[in-house]
Every structure is written in C-alpha cells, then in structure tokens.
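K.L.:
Sharing a model prediction with you, sequence too.
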Amino acid sequence: MLDRTKTVKIRMGSRKSQIQMMETVMILVVFFIIVAIGFIFYSKIQEGSIRELQRQRFEEEAVAISQNIIYMPELACSEKSVIIDICFDKYKLKAFASIVRPQNRNEFLFYQKDFGESRITVREIFPDQKDAVVIYDNAPVISQETSSILTSVPVSLKDPAKRYGQYSIGILDIEVFA
Amino acid sequence: MKIIKSPKRMEKKAVIEVQFNWVFVLIAGTMILMFFIIIVNKQKSVSDKKLAVNILNSMDRVLSGQKTSENRQDVIDMFEAEMSYSCGGCDCTFSLAGMSKSKGNLVVFAPTSMKSDRLLTWTQGWDMPFRVSNFVYMTTPEIKYYLVGPSLSVRRDFVDGLPVNVSYDVVADINSIAYKGEQKVRLVFFSDANPPQMPSGLADAGDSIVTALVIDGTAGAWYNGRAKLKFYKKKGPVFVPDNDEDETTNEYPALGMQTAYGAIYSDSFQNFRCNMDDAVKKMGYVARIYKERAGQLSQKAVDGEIYSGCNAFYATTYFNGFGSNDPSLLYDSINLLTTFNEGAVISSCPRIY
C-alpha cells in the first residue's frame, strides 16, 4: 500500500517537472518572440530616422554646393583684384561652361568632386531676361526613384567689357540629385 | 497487466530531470546573456561609428566654410579623438574610428595625426597672381613648432605671419630645444643643412614624434619658387629624407608663402605633395578659364565693343606656364601676365584677371 502511494507520488512529480519544463520552454519562446517583435519595431524606427538623416544630408549637400559655387574664384567677379561676394563674371561663366564638360574628362572629374550629381545653371533676369547658361550638368538618368532638390540664389552678374551698366541680376539654380 | 515501475527507478529519473532542468536553465540563461552582450557590443560599435561620421561631417562643413573665407583663424571645439589624415595614392582622407571622409578638392595642410579636443584652423588665399584657391591649415595646441635660425627679414615677412594660437618658438640654437612630452614636435630650419642636425634634447623622443622641414635658400624673394622645401623624418639619432610614396623625392619648390606655411603644417611629404599637386592642377584650370576669358575680351576688341587698342593685352600665350610646378616656367608666366594686366589697367581696358 505504502509502495503504491510512493509510486503515484513519483509519477505525479515527473508529470509536474514535465509541465515545468514545458512552461520554461514556452516562456523562452514567448520571450524570443517579444524580442523579435521589439527588434522589428526598432529597425522600422531606425529605418525612418536613417531616411530622415539621408534627406537632411542631401539638403546640406545642396547648400554646400551653392555656398561653394558662389565663392569659386573660377566664376567670381573681382574689382581691382578683390573678389566681390555673390557675383559672377559673365565671361568666366561662359569659359567655365566650355571647359567643364563631360568631353573634357579630367576637368569634369575634377569639378565632379565639388558638385557631384547636380545641374547648375545661371539665368539673367534683369534688366533683360536671357536664356539660362548651363555651367555644369551631371544629372543622372531620371527614373521614378530619382529625387532632387532645387536651390535658387539671386546673384549679380558682371560684364567687365562694359564701362557703364556692368551689373545685372541673375538667378543661380542648383539642382542636386539623389 | 499493468507494469509498475519500481520507486527506486522513478526517484533516479526525477533526480536526472532536476539536474537536466538546471543545466537547461544554465544554457538558456547563458544564451540570453550572450544575446544581450552581442546586441550591446553591436550597438556600441554602431554608435561609435555614428559619432565618427557626425564628427567627420561637421568637420567637412567647417572646412567648406573655411574654404570660402580668407585669412580666417578659428578654434574648433570637439571631443577628444584621434583623427588621422593620410594621402595614400593621393586620395586624401580624414579618418576617425575606422570611418573616413575624402577632402575632395580642398587643399588642406595638416599633420598626419591629431589628438586633441581643439582644432586650430587657418585659411590663406593662394594668388598666382589670380586667386586659385584658399588653403586650409589645421593643427592642434598639442603640437609644438620650433623655427630655427630665421633671418630678420624672414622673421618679419614670414614667421610673424603665423597665427598667434599656434604653439611655436623661434630659436637661434638647436641645443636650446628639449622634449617636454609634446604630442609632436616639428622643426623648421631656415638653412641649407641637408639633412639637418638632430637636437640633443630630442634624441630620445620617439621617431614618429619628431619631423623636420628645411627651407633651403631664403634670400630675397625666396618664396617665389627660389627656395626648396625639404622634408625629413627622425630615424634613431638622425634625420633621414621623408620621401613620397614612390620614394623619388622629398623636396618641392616654395610656390608662394602659403606653400611654405603648408610645408610647416604638413608633417608628411606625401600629404604635402598631393595637396600641392591638387592646387597646381586647379591653378591650370583657373588659368584656362582666364585664357578663354582673355580670348572673349580680345574678340570684343576686334568687334569694336571695347577700345581696339586693348587687344594688345589679351594675347593668350602667357598662360602656357600655368599648371606646371616648374618654378621658372611658372614665374615667367606670372610675371608676364602681371605686366600685361597692369598694362590693361593703365590703358583703361578690362583687366585680364
């Protein structure tokens, strides 16, 4: 009788430990599922912030290019050898456009480091409206995934050959592609 | 018939199960712990890289700003990190914690490594005779410069032009130089001693700490291509030439004072030469733009839109020497261009540059 009771107790103990084992396994499974969900959630948030960072970086790049081009000695006009702020020499613009072309590989690659994938144009708007001069064009093949930011900066344009009315107003358009 | 297991056997099984339970808990616990340790480590390395990228991007923005302004001195506060600057294959990059950023077309003269919480920056316009670029100079307060034996005129025209926040001493005798635990020591000799003599006070300093520059031939207008900038590095108790990557040379002509300042700030000839090559290449492109512009002005003179006599100043042959680092060729072109430009100004014609 005593032996039988002991046997039943042991059998019940074994079942109990089996159930406990199952419990532990289930807890682990649930734990890992929660961790996995947490990670998926975290990576989604990270993905969003990376996209935001990319957009921010892209905007900064556009500003950097416009800042860079405005003060470039290759384009800037000067008065008695002093560089004038936010002013382009019309003859330098033409010369730059004719030299920095994809056909002139070395020159183009050199300025590509400064301007990357962008299209830079200058158009005179006052006193006369004139056609835009493309001074750098490295636009990628436009697809649905291509996005761009256009930054327009008003600039002075100088015609050094004129004695009077040397200055006119123009718009510098910088379109940066990503 | 029901088989009843013996109680002894059942007891044994329970003991094994309890032990197995503990082993299982131990393994699972270790796995969970390992999992979190790996996550924390990954996260740490990611945030280190993120920080490095942020610093390099901020530096890029600062340098872009510096590039556009002339004669500017700045102190940039940053967290203390070791940043290296190298030009392997003339692709110059700043590196920090395994991340690197190219300097692009900027001309930056800086030591090969900088470890400080402050960066000292300085810009100078490089006019040949037209503005080619702004040179950016970088160093840290922890780097010490000794300028050995400059003449009075060199001291007045050149040495006194260095930014006040750069840690430098002018010494007449190298024996007065002692190593005081500085991060780096750069000696600048204004003499023709090749190689220069090692100060006894620096003999025990590490080879990577001490470097030297000899500005050979500082008489008259030495900075107009006449003087030679020779780079040396420490090897035991002596200085040996610090050659470029191709092991061909350790010297470069002084093309303007800004170049000589660049040679002081750069402690590696390879870095200096790559930056100067970029600057000279850009000079060639800017000269081509002026040449094309002179051609357009010449056409205006022919067409009668400006005084026809101006055409005499817009010859384009004097642009041929630009884009070369041969000082005699380059300075012949510069002198000719300056003369023609002055002629244009005197005759009330549009300037060439």
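P.N.:
Yes, it's here. Residues are numbered from 1 along each chain as shown, chains lettered A, B, ... in the order given.

K.L.:
contacts, neighbours, all on C-alpha from now
P.N.:
Noted.

K.L.:
what ranges do the helices span in chain A?
P.N.:
A:2-70, A:90-99, A:105-115 (DSSP state H).

K.L.:
Among those helices, show me which one is buried the most.
P.N.:
helix A:90-99 (a mean of 22; mean count of other C-alpha atoms under 10 Å in any protein chain shown).

K.L.:
rewinding a little: looking at the helices of chain A, which is nearest to B:Phe189?
P.N.:
helix A:105-115 (35.1 Å; C-alpha to C-alpha).

K.L.:
near chain B at all, that closest one?
P.N.:
Yes. Applying C-alpha under 8 Å from any C-alpha of the partner chain, one finds helix A:105-115 touching chain B at A:107, A:110-111, A:113-114.

K.L.:
looking at the helices of chain A, which one has the lowest mean pLDDT?
P.N.:
Mean pLDDT values for the helices of chain A show the minimum at helix A:2-70, a mean of 81.

K.L.:
want to try JSON lines for the helices of chain A, with distance to B:Ser191 as columns?
P.N.:
JSON lines is the format used below for the helices of chain A (distance: least, C-alpha to C-alpha, whole Å):
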{"stretch": "helix A:2-70", "distance to B:Ser191": "39"}
{"stretch": "helix A:90-99", "distance to B:Ser191": "43"}
{"stretch": "helix A:105-115", "distance to B:Ser191": "37"}
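
K.L.:
To B:Arg288, which of those lies closest?
P.N.:
Closest of these to B:Arg288 is helix A:90-99, at 8.0 Å (criterion: C-alpha to C-alpha).

K.L.:
Need the contact partners of that closest one.
P.N.:
A:74-76, A:107, A:133-136, A:157-160, B:289-290, B:292-293, B:296 (C-alpha atoms under 8 Å, 6 or more residues apart in numbering or on different chains).

K.L.:
How about stretch B:67-76 and chain A, any contact?
P.N.:
Yes. If you take C-alpha under 8 Å from any C-alpha as the test, stretch B:67-76 does meet chain A, through B:Thr68.

K.L.:
Now do that stretch: distance from first to last residue.
P.N.:
This stretch, stretch B:67-76, spans 15 Å end to end (C-alpha to C-alpha, to the nearest Å).

K.L.:
My reading is that B:Asp246 lies in a strand. Confirm?
P.N.:
No. Counting by DSSP: H, G, I helix; E, B strand; the rest coil, B:Asp246 is not part of a strand but coil.

K.L.:
Quick check: phi and psi on it?
P.N.:
phi -80, psi 0 (degrees, to the nearest 10).

K.L.:
From B:Val108, how far out is it?
P.N.:
21 Å.

K.L.:
Which of the two has more residues huddled nearby?
P.N.:
B:Val108 (29 against 8; other C-alpha atoms under 10 Å in any protein chain shown).

K.L.:
so the more buried one makes contact with B:Asn275?
P.N.:
Yes. Taking contacts as C-alpha atoms under 8 Å, B:Val108 lies within contact range of B:Asn275: 6.7 Å.

K.L.:
Could you give the backbone dihedrals for B:Ile209?
P.N.:
Main-chain dihedrals, B:Ile209, degrees, to the nearest 10: phi -80, psi -40.

K.L.:
burial count for it?
P.N.:
The number of residues near B:Ile209, taken as other C-alpha under 10 Å, comes to 18.

K.L.:
if you skip the residues just before and after it, what's nearest to it?
P.N.:
Excluding the flanking residues, the one nearest B:Ile209 by C-alpha to C-alpha, 6 or more residues apart in numbering or on different chains is B:Lys184, at 4.6 Å.

K.L.:
Could you report the separation of that neighbour from B:Ser208?
P.N.:
8 Å.

K.L.:
who's more crowded, the two?
P.N.:
Set B:Lys184 next to B:Ser208 and count neighbours by other C-alpha under 10 Å: B:Lys184 wins out with 21 against 13.

K.L.:
Which residues does the more buried one form beta bridges with?
P.N.:
B:Ile143 (DSSP bridges).

K.L.:
Not counting sequence-adjacent ones, nearest residue to B:Ile352?
P.N.:
That would be B:Asn341: by C-alpha to C-alpha, 6+ apart, it lies 5.5 Å from B:Ile352.

K.L.:
State the three-state secondary structure for that neighbour.
P.N.:
helix.

K.L.:
residue ranges for the helices of the stretch 1-150 of chain B, please.
P.N.:
B:7-68 (DSSP state H, counting those that start in this stretch).

K.L.:
Quick check: which ranges of it have low pLDDT?
P.N.:
Applying pLDDT under 70 to the stretch 1-150 of chain B flags residues B:1-18.

K.L.:
Domains of chain B: list them as residue ranges, please.
P.N.:
Here the domain assignment for chain B is B:6-141, B:142-267, B:278-346, based on automatic domain parsing.

K.L.:
just the strands in chain B please.
P.N.:
Applying DSSP state E to chain B gives strands spanning B:73-88, B:91-96, B:99-102, B:107-109, B:113-127, B:131-139, B:143-148, B:168-171, B:184-189, B:210-216, B:224-235, B:238-241, B:251-255.

K.L.:
Identify whichever of these lies nearest to A:Asp128.
P.N.:
Judging these by C-alpha to C-alpha, what sits closest to A:Asp128 is strand B:131-139, at 30.3 Å.

K.L.:
what's the neighbour count on A:Glu175?
P.N.:
Count around A:Glu175 with other C-alpha under 10 Å applied: 22.

K.L.:
what's the pLDDT at it?
P.N.:
92.

K.L.:
what about it, distance to A:Phe115?
P.N.:
For A:Glu175, the distance to A:Phe115 - C-alpha to C-alpha - is 10 Å.

K.L.:
Near chain A, which residues of the stretch 201-350 of chain B are found?
P.N.:
So far as C-alpha under 8 Å from any C-alpha goes, the stretch 201-350 of chain B lies against chain A at B:285-286, B:289-290, B:292-293, B:296-297, B:300, B:305-306, B:350.

K.L.:
If you could redo that for the stretch 51-200 of chain B, that was the one I meant.
P.N.:
Close to chain A, as judged by C-alpha under 8 Å from any C-alpha, the stretch 51-200 of chain B has residues B:61, B:64, B:68, B:104-105, B:130-133.

K.L.:
quick one: which of those residues has the most company?
P.N.:
B:Ser133 (26 neighbours).

K.L.:
most centrally placed residue in chain A?
P.N.:
Most central in chain A under C-alpha atoms, centre = their mean is A:Phe58, positioned 2.2 Å from the mean C-alpha point.

K.L.:
Distance check, the spatially closest residue to it that is not a sequence neighbour against A:Lys44.
P.N.:
In space, and not counting its chain neighbours, A:Phe58 is closest to A:Ala178: 7.4 Å by C-alpha to C-alpha, 6+ apart. According to C-alpha to C-alpha, A:Ala178 stands 22 Å off from A:Lys44.

K.L.:
Since that was my last question, I'll sign off now.
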